[in-house]
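Student: here is my input, please return the structure:
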Amino acid sequence: MAPRPRNHTVCLLAGAVLMLLFAAATPTAAQSCAPAKFPAGHSFQRCAALPVLGASLYWTHHASNGTADLAFRAPQSAAGGWVAWGINTDRPSSMAGSSVFLASPGAGGAVSVLMTYLESTSPSLTNGTLKLDVPVAPVAEYTAGAYTIYVTVALPGNNTVQNTVWQAGPLSGGQVAAHPMSGANLQSTMKLDFLSGGTGTGATNSMEQQRSPPVMTGYPPMRP
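Tutor: Numbers count the residues shown, from 1 in each chain. So this is what the prediction gives:
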């Protein structure tokens, strides 16, 4: 038998290298969300490692009624900060116009969850004012250096693609204070498809255009 051409051997080697690279990359892609443990009664079919603030989102979408069971998890100081997640129905890639769930220290070591609509970049943080339905009220916990907010929401317009937002910031005198106005805190918006799990980044957070960061007021002081 005549020897095979050299270029045939090169093609075989190149194909083998590509297969090895694909095999090596596949586990990494599958691990885009860190393994997570949740209390009994909480389990989720999908997850997304959010691109900034070390946060992750876990969810199960229910096509039959257009709802999603969610768990938002983000690291934060136990006594010195807050975290929040929400959906913006009014202004893509902005915090203003978002219905959010904000977790912070509560009374007696518990975690408090505020539901509020951010009407501007200096929101009043009035509890319970949202632009989406919440069939199951939110609860939150603080363990291992991170807050986790559990909530069920009705996806606005029964649309699986939503503009999601998240944040983390400090407390001041026991009250929720403004988050940093630079870096990761201005990149915490993302378009998410709750059906396919597809994601996309939005434009720079419009709060970046603000001349001076507001102090978020209206939330009751943290009780000891």
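Student: the closest residue to residue 114 other than its chain neighbours sits in which helix or strand?
Tutor: Among residues not flanking residue 114 along the chain, residue 102 sits closest, at 4.3 Å (CB to CB, 6 or more residues apart in numbering). Placement of C-beta: from N, CA and C, glycine included. Residue 102 is located in strand 98-105, with elements delineated by DSSP states H and E.
Student: let me know the average pLDDT across that strand.
Tutor: When pLDDT is averaged over strand 98-105, the result is 95.
Student: neighbouring strands - and their directions - for whichever helix or strand comes after it?
Tutor: Sequence-wise, the next helix or strand downstream of strand 98-105 (DSSP H and E) is strand 111-117. Strand pairing for strand 111-117, determined by DSSP bridges: strand 98-105 (antiparallel).
Student: got the angle between the longest strand anywhere in the chain and strand 98-105?
Tutor: Assignment by DSSP state E gives strand 161-172 as the longest strand of the chain. Interaxial angle of strand 161-172 relative to strand 98-105 (axes from the mean of the first three to the mean of the last three CA atoms, to 10 degrees): 40 degrees.
Student: and strand 161-172, what does it pack against?
Tutor: Helices and strands touching strand 161-172, by 3 or more CB pairs under 8 Å, 6 or more residues apart in numbering; DSSP states H and E, are strand 67-75, strand 81-88, strand 98-105, strand 189-193.
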